[in-house]
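# Need a 3D model of the following:
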Amino acid sequence: MEIRGSGRRVLPLVLLLVLAALAVVLTAAALGAGGVPGGGARSGAADARPGRSASGAGGSDRVDLAARVDAYTAGFGPSTPYTSPDEGQRRAIADGVAQAVEGDRDRAGRSLRTVGYRLTEFVDSGSGRRLTEIADASSAAEAQRGWGRVYLDLSAKASWSVQVPHPIFDSRTELLGVDVFRAAPGGVLVLAGAHRKAGADGSSDPAHRTDTVFDAVTAALAARGLPGVQVHGFDEGSLPGRDAVVSGGTAPAGPAADLTADGLERAGFAVCRAWRDKCGHLEGTTNVQGRFAAGLGVPWLHVELGNGLRTDPEQRAEVAAVLAATARSWGGAVRP
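Have a look, this model is predicted:
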């Protein structure tokens, strides 16, 4: 059909058709960049974690730390992957943790990014405190490497740590660590990232290896004078008549050891005091974190707990209250 009239009438129609085609192209490009719903994430992409990332973006998400740690450790087992970190990787994470403890978030973020870690902030719904999580930026890398996580309480100056070297293997010590961390201000929760038996030749047993991220982080904290309490579990059959063993490792027992043992006894638990009793092989004298702290003269406790004290929520809460009292004795002034 012939179009009558001048070219001035045809040009607007052509222009509209061109603009419509351009809109279709731009929409397709946007969908391609963002991903098709249901198409899955790109390989190697960082996970979306709650809170504020190292870039400073984000909001004030509330997260249940106990549920988060429980979900993280639930898949740990003797056949799950573990990759030994090299010295540079261990140092980068330890430096990042130390810088975060000192309040230098920007430097911490830069150190951690070199090895694929990042900082995330959120509010723990169980304590109401704002925390920093230091962890792998990608869950795929986290599952393969098994290097662990660190949590910092931002409500107070860091003044002590609770260390969990054998999550799952020592049942519910991971939740005990959370309970203690929540119960006293100024804490640093150091959580191993793999089952004790996951690595070849004991490589994923951080309580007895100095080539783990866990050991590098706890050493960095001890070097800054932060006392620590490390929680373990034992089968009551290996020490009949006792519910707990308290020890300073290779160091002489100090006030914190007595305070902890006294508190557990007041709660009704039978305690073996390693500095005066025979406690079998549960005294922590071969623990490498304890030996390092002793060399620096920094207070450190090794606490072994029977199954019921870890797995029964009421008993676990009583133990956490005792250990939190010890942590408070180490200090922790709220930041202005």
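# make it CA atoms for all contacts and neighbour counts henceforth
Will do.
# what's near enough to touch L131?
121-124, 151-155 (CA atoms under 8 Å, 6 or more residues apart in numbering).
# nearest to D235, of these?
Distance to D235, by CA to CA, is smallest for Y151 among the contacts of L131, at 28.4 Å.
# Quickly run through the sheet partners of whatever helix or strand that closest one lives in, with directions.
Applying DSSP states H and E as the criterion places Y151 in strand 149-153. The pairing partners recorded for strand 149-153 under DSSP bridges are strand 130-136 (antiparallel), strand 187-191 (antiparallel).
# before we move on, back to that, tabulate the contacts of L131 (a markdown table), appending pLDDT.
Shown next, in a markdown table, are the contacts of L131 (pLDDT from 0 to 100):
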| residue | pLDDT |
| --- | --- |
| E121 | 97 |
| F122 | 97 |
| V123 | 97 |
| D124 | 98 |
| Y151 | 98 |
| L152 | 98 |
| D153 | 98 |
| L154 | 97 |
| S155 | 95 |
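# now those residues as a markdown table including distance to G88 and neighbour count?
Listed next are the contacts of L131 as a markdown table, based on distance: CA to CA, whole Å; neighbours: other CA atoms under 10 Å:
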| residue | distance to G88 | neighbour count |
| --- | --- | --- |
| E121 | 25 | 25 |
| F122 | 28 | 24 |
| V123 | 31 | 22 |
| D124 | 32 | 20 |
| Y151 | 22 | 23 |
| L152 | 23 | 25 |
| D153 | 26 | 23 |
| L154 | 27 | 22 |
| S155 | 31 | 18 |
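# and these as TSV, adding distance to G306?
As requested, these are exported to TSV (distance: CA to CA, whole Å):
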residue	distance to G306
E121	34
F122	33
V123	32
D124	28
Y151	25
L152	27
D153	28
L154	32
S155	32
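# wait, which of these is closest to T210?
Among the contacts of L131, and counting by CA to CA, the member closest to T210 is Y151, at 20.8 Å.
# Output the lowest mean pLDDT helix or strand found in the chain.
When the helices and strands of the chain are scored by mean pLDDT, DSSP states H and E, helix 7-34 comes last with a mean of 44.
# following the host helix or strand of A220, which helix or strand comes up?
Assigned by DSSP H and E, A220 belongs to helix 213-223. Using DSSP H and E, the next helix or strand after helix 213-223 towards the C-terminus is strand 228-234.
# Compute the inter-axis angle for that next one and helix 213-223.
140 degrees (axes from the mean of the first three to the mean of the last three CA atoms, to 10 degrees).
# partner strands of strand 228-234, parallel or antiparallel?
Counting by DSSP bridges, strand 228-234 is paired with strand 160-164 (parallel), strand 300-306 (parallel).
# Buried deepest among the strands paired with strand 149-153, which one?
Of the strands paired with strand 149-153, the one with the most neighbours on average (mean count of other CA atoms under 10 Å) is strand 187-191, at a mean of 26.
# Run through who's touching that strand.
148-153, 158-165, 167, 174, 177-178, 181, 214, 217-218.
# For V123, which non-adjacent residue is spatially closest?
Leaving aside its chain neighbours, V123 sits nearest to R130 (4.2 Å; criterion: CA to CA, 6 or more residues apart in numbering).
# I'd like to know how far that neighbour sits from V188.
As judged by CA to CA, to the nearest Å, R130 and V188 stand 13 Å apart.
# picking that back up, which residues are contacting the helix holding A220?
Under CA under 8 Å, 6+ apart, the answer for helix 213-223 is 85, 89-91, 93-95, 97-98, 147-148, 161, 163, 165, 190-192, 206-207, 209-210, 228, 288-289, 292-293, 296, 298.
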